[in-house]
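K.L.:
From the sequence below, what's the structure:
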Amino acid sequence: MKLITQSKASKVIQILTQSFQTNPSALWVIKQDEKVQKRLQVLIEYAVATGLENEGLFLSDDESAAAICFEEPAKSSLSSYWHQLQLIRKAIGITRLPQVLKREGYLKKHRPDEPHLNFWFLGVDPHRKGSGGVLDIKHRIFELSKEKQLPILLETSVERNKNVYERYGFHTYHTWKESDDYTLWFMRRG
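P.N.:
So this is what the prediction gives:
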């Protein structure tokens, strides 16, 4: 498993876009219209750009799984502001922006104000599930947590994923019934 750079970013975008096509939390952020798949890809492109900027983009050795996990607080640059503007323009939409900002404020308020690893995205190529790529990534991120002596934080809106994270030592420290459609679990390891 390797930390990757721009050369493999398109593979990460492909894996994560496929993996998040039915993710309630990711879909809530973007405008729901006939361009929803393109908007989801823009959201993932934004996340990958953020991961690259913060040296937190991972791809399993067999290229079946990808993740974005980086140290918080994250770096900000002129480039990151440009990517945020593109996200608003191409995926969220101006009319949804107040709702999304309110949501982000809530998320930030419930994350501990301490350095940590933000385990933001994890996805598997749907045609290669069970190939071991996720275990590759899990081991590397757990090693990174140990090396940096930082806890790992994540949020998930998929109960099946919550149960898997619990098996790997995460515990839920906050639960938010974000909408009638789904719950968001705030989880921590370490």
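
K.L.:
Every contact and neighbour count from this point should use C-alpha atoms.
P.N.:
Noted.

K.L.:
who's in contact with Lys11?
P.N.:
Glu63 (CA atoms under 8 Å, 6 or more residues apart in numbering).

K.L.:
Could you say which helix or strand holds it?
P.N.:
Using DSSP states H and E, Lys11 maps to helix 9-19.

K.L.:
cool, and Lys75?
P.N.:
Applying DSSP H and E, one finds Lys75 in no helix or strand.

K.L.:
Can you get me a residue count around the residue nearest to it when sequence neighbours are not counted?
P.N.:
Distances taken as CA to CA, 6 or more residues apart in numbering place Asn54 nearest to Lys75, at 6.2 Å, with adjacent residues excluded. Applying other CA atoms under 10 Å, we find 18 residues neighbouring Asn54.

K.L.:
where's the helix holding Lys11 relative to the chain centroid, distance-wise?
P.N.:
Relative to its parent chain, helix 9-19 has a centroid offset of 12 Å by CA atoms, centre = their mean, to the nearest Å.

K.L.:
Span of stretch 56-63 from start to end?
P.N.:
Across stretch 56-63, the terminal residues are separated by 16 Å (CA to CA, to the nearest Å).

K.L.:
when you give positions from now on, start the count at 29
P.N.:
I'll keep to 29 as the first residue from here, and by that count the last item is stretch 84-91.

K.L.:
Count the residues that sit near Ala119.
P.N.:
Count around Ala119 with other CA under 10 Å applied: 25.

K.L.:
Please verify my assumption that it contacts Asp61.
P.N.:
No: if you go by CA atoms under 8 Å, Ala119 and Asp61 don't touch, sitting 10.3 Å apart.
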